[in-house]
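Student: just to be clear, the model below is a prediction. Sequence and coordinates:
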Amino acid sequence: MARKSFNMNKVYFTVAAWAVGLLIFFPILWTILTSFKTEAEAIASPPLFLGFDWTLENYAEVQERSDYFRHFWNSVVISLGSTLVGLLIAIPAAWSMAFVPGRRTKDVLMWMLSTKMLPPVGVLVPIYLIFRDTGLLDTRTGLVIVLTLINLPIIVWMLYTYFKEIPGEILEAARMDGAGLWSEIVHVLTPMAVPGIASTLLLNIILAWNEAFWTLNLTAATAAPLTAFIASYSSPEGLFYAKLSAASTMAIAPILVMGWFSQKQLVRGLTFGAVK
Amino acid sequence: MGSINLENVSKSFGETRVIPPLNLDIEEGEFVVFVGPSGCGKSTLLRLIAGLEDVTTGTIHIDGADVTEVRPARRGLAMVFQSYALYPHMSVRKNIAFPLKMAGMDPGEIDQKVDRAASVLNLTDYLERRPGQLSGGQRQRVAIGRAIVRSPKAFLFDEPLSNLDAALRVNMRLEISELHKNLKTTMIYVTHDQIEAMTMADKIVVLQAGVIEQVGSPMELYRSPANLFVAGFIGSPKMNFIEGAEAAARNAKTIGVRPEHLRLSTDSGTWKGTIGVSEHLGSDTFFHVAAEGIGNLTVRAPGEVELSYGDTVFVTPEPDKVYAFDDKGQVVR
């Protein structure tokens, strides 16, 4: 009897999990489907699910009207650049907070996180003015700087939680074995933390790739990444849903593929600390 | 090579004083065991010697040189941790070679030394494995291998056997003792297990609340404990303590008799009592006796003794083996 109810529970949970999964995935699916419709079909009522004339004309038109690869390349440079610079700053920071904590370490961590609670628009004007005066507006360097800064708290927090899982005794053993600070970080800490550093890297690339507030507000043409590319297809009038969907699909495809291949690593990264 | 001297060494964490100032001399080649209950500061003391913690006051000398401000790597000591602290991403060979690599030794020489250490510790067949693929005992050997390759001035062991099962613990105990006989290097060994202390040590340092209660050879501590704490801590089963009229008759607050110094008889003796639980080990039998006006006593009888629950017995202490303690718990001689 107990066995049977256990099996039924399993069925309910599986169905529920699939339902939630589909619900979350539906907007993406809908975007992809819409990208293959004509503009008229895209706004048809009732909506057409699969019974429409599949077409690639939106993709052709989007590619013709704007330079996808330039935006793609900007996205790559900005997300990779901000992630690498962020890691370079965050690894030593997280090391010191995890292994030689001071009395105020927890407060510093909280303070760093609290900067993420501030609405970005609150500092838009000062940052915009600084960027204008220093010539950073619409440059990839400028975006790398701003995205590094806004994602740094998350990188430090993730690495900190990960480093906390590494037993301090192993680092002490390295110290007893004659390793200096540098050898300790290079030969012992980093190799042990590779999974954590990798998931931090992946997550941060995704966050930076999808970041839309700063990338839209601080770029015009030269440094505009894929977010700006999508936004350029949204207009207050006329039919644009199908083309917007095609642009969106092209913009999310690379990161979706990357996320798919690295999902094991990502799940591990996002749940550490929660599951031992 | 390998004498260690602590002078007025103390340690506080913030406002909490873990170790009040203490002095301790460890001779070259000695096997010294720090023993005491959990939280007595024995591991902290070891970490101070290792340099993993900074002393709050005092100085530490190794071979006459002041190392108080010297970082762990430069003190020339090797340490074996309770958790083994092996590098999980390196093979056994690389684990053992790590300290030599850090010392900048030539790779050919490193290989030679690692092979020699591996053969001493029966690890030759496991050199290419990762620590995760080894049993607890093998991991412990790797940790010891990593310590011996660099020929340190002294070995520090922090409860190295507490994660092993009982049978393996006895084996490793023998192996470490044997290692000490062969290497003749100073060893400091931290444990809460008084049997490990008694069986391995040349010198035992008994600690309580950061204070050294007594220093001496295992037999000195067994025969002449300085106070109640040492008397109760050293020896198994524990010494029987008796208070009240019986103690007052000997001008003491408390008297103590070890279970092996009590004689049992069914017809006559000093204290009358009834047998409670008995533990038969074959080689010995331990009786828990409820003695009238005295309290519960543990009595050790050699071999097998047939007495059952509820039997009336008489317990007699060996007259010259009764310890008397004053109201401060110090032994009265």
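Tutor: Here it is on my side, so go on. Because the structure is predicted, anything quoted here is derived from the model rather than measured. Numbering: from 1, shown residues only, chains lettered A, B, ... in the order given.
Student: where does the stretch 201-333 of chain B come near chain A, residue by residue?
Tutor: Residues of the stretch 201-333 of chain B lying close to chain A by Cβ under 8 Å from any Cβ of the partner chain: none are found. The way it works is simple: take the backbone N, C-alpha and C, and place the C-beta from them, glycine included.
Student: show me where the stretch 201-333 of chain B has helices.
Tutor: For the stretch 201-333 of chain B, the helices defined by DSSP state H, counting those that start in this stretch cover B:218-223, B:228-233, B:245-248.
Student: and chain A, which residues reach chain B?
Tutor: Contact residues (Cβ under 8 Å from any Cβ) of chain A with chain B: A:167, A:169-170, A:172-180, A:183, A:187-188, A:191-192.
Student: try it again with 6 Å
Tutor: Within chain A, the positions lying close to chain B (Cβ under 6 Å from any Cβ of the partner chain) are A:169, A:170, A:172, A:173, A:175, A:176, A:177, A:178, A:179, A:191, A:192.
Student: number of residues surrounding the closest residue to residue B:6 other than its chain neighbours?
Tutor: Excluding its sequence neighbours, the residue lying closest to residue B:6 (Cβ to Cβ, 6 or more residues apart in numbering or on different chains) is residue B:24, at 4.4 Å. Neighbour count for residue B:24, taken as other Cβ atoms under 10 Å in any protein chain shown: 19.
Student: so residue B:24 sits in a strand?
Tutor: Yes - if the criterion is DSSP: H, G, I helix; E, B strand; the rest coil, then residue B:24 is within a strand.
Student: closest to residue B:106 among the residues of chain A next to chain B?
Tutor: The nearest member of those to residue B:106, counting by Cβ to Cβ, is residue A:178 at 15.5 Å.
Student: check contacts around the residue nearest to residue A:116 when sequence neighbours are not counted.
Tutor: Excluding the flanking residues, the one nearest residue A:116 by Cβ to Cβ, 6+ apart is residue A:153, at 5.5 Å. Listed by Cβ atoms under 6 Å, 6 or more residues apart in numbering or on different chains, the contact set of residue A:153 reads A:112, A:113, A:115, A:116.
Student: name the element the second one belongs to?
Tutor: Think residue A:113. helix A:105-114 (DSSP states H and E).
Student: let's verify the residue in the stretch 1-150 of chain A that chain B sits nearest to: helix, strand, or coil?
Tutor: Nearest residue of the stretch 1-150 of chain A to chain B (Cβ to the nearest Cβ) works out as residue A:103 at 8.7 Å. What three-state DSSP gives for residue A:103 is coil.
Student: for the residue lying closest to residue A:167 once chain neighbours are set aside, grab phi and psi.
Tutor: Excluding the flanking residues, the one nearest residue A:167 by Cβ to Cβ, 6+ apart is residue B:83, at 6.3 Å. When read as degrees, to the nearest 10, the backbone of residue B:83 gives phi -90, psi 10.
Student: so residue B:83 touches residue A:169, yeah?
Tutor: Yes - if you go by Cβ atoms under 6 Å, residue B:83 and residue A:169 touch, sitting 5.2 Å apart.
Student: burial of residue B:99, as a residue count?
Tutor: Count around residue B:99 with other Cβ under 10 Å applied: 25.
Student: so where's the stretch 1-150 of chain B shaky on pLDDT?
Tutor: Nowhere does the stretch 1-150 of chain B drop to pLDDT under 70.
Student: any low-confidence regions in the stretch 101-250 of chain A?
Tutor: A:237-238.
Student: and the helices in it?
Tutor: If DSSP H, counting those that start in this stretch is used as the criterion, the helices of the stretch 101-250 of chain A fall at A:105-114, A:124-134, A:140-164, A:168-176, A:181-183, A:190-210, A:213-217, A:226-231, A:241-261.
Student: which residues touch the residue lying closest to residue B:250 once chain neighbours are set aside?
Tutor: Closest residue to residue B:250 apart from its sequence neighbours, by Cβ to Cβ, 6+ apart: residue B:324 at 5.3 Å. Neighbouring residues of residue B:324 by Cβ under 6 Å, 6+ apart: B:250, B:252, B:255, B:332.
Student: of those residues, just the buried ones, PyMOL syntax please.
Tutor: To isolate the buried members of the contacts of residue B:324 in PyMOL, using 16 or more other Cβ atoms under 10 Å in any protein chain shown:
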select buried, chain B and resi 252+255
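Student: report the two of the contacts of residue B:324 separated the most.
Tutor: B:255 and B:332 (9.4 Å).
Student: need the contact list for residue A:172.
Tutor: So residue A:172 contacts residue B:52 (Cβ under 6 Å, 6+ apart).
Student: do residue A:264 as well
Tutor: So residue A:264 contacts nothing (Cβ under 6 Å, 6+ apart).
Student: which of the helices or strands spans it?
Tutor: Counting by DSSP H and E, the element that carries residue A:264 is helix A:263-271.
Student: just residue A:87 next, same as before
Tutor: Going by DSSP H and E, residue A:87 is in helix A:68-99.
Student: report the rounded mean pLDDT for that helix.
Tutor: If you average the pLDDT over helix A:68-99, you get 92.
Student: quick revisit: what are the phi and psi angles of the residue of the stretch 1-150 of chain A closest to chain B?
Tutor: Dihedral angles (degrees, to the nearest 10) for residue A:103: phi -70, psi -30.
Student: quick check: angle from the one helix or strand residue B:45 maps to to helix A:168-176?
Tutor: Residue B:45 is part of helix B:42-50 when elements are defined by DSSP H and E. Calculated by axes from the mean of the first three to the mean of the last three Cα atoms, to 10 degrees, helix B:42-50 forms an angle of 30 degrees with helix A:168-176.
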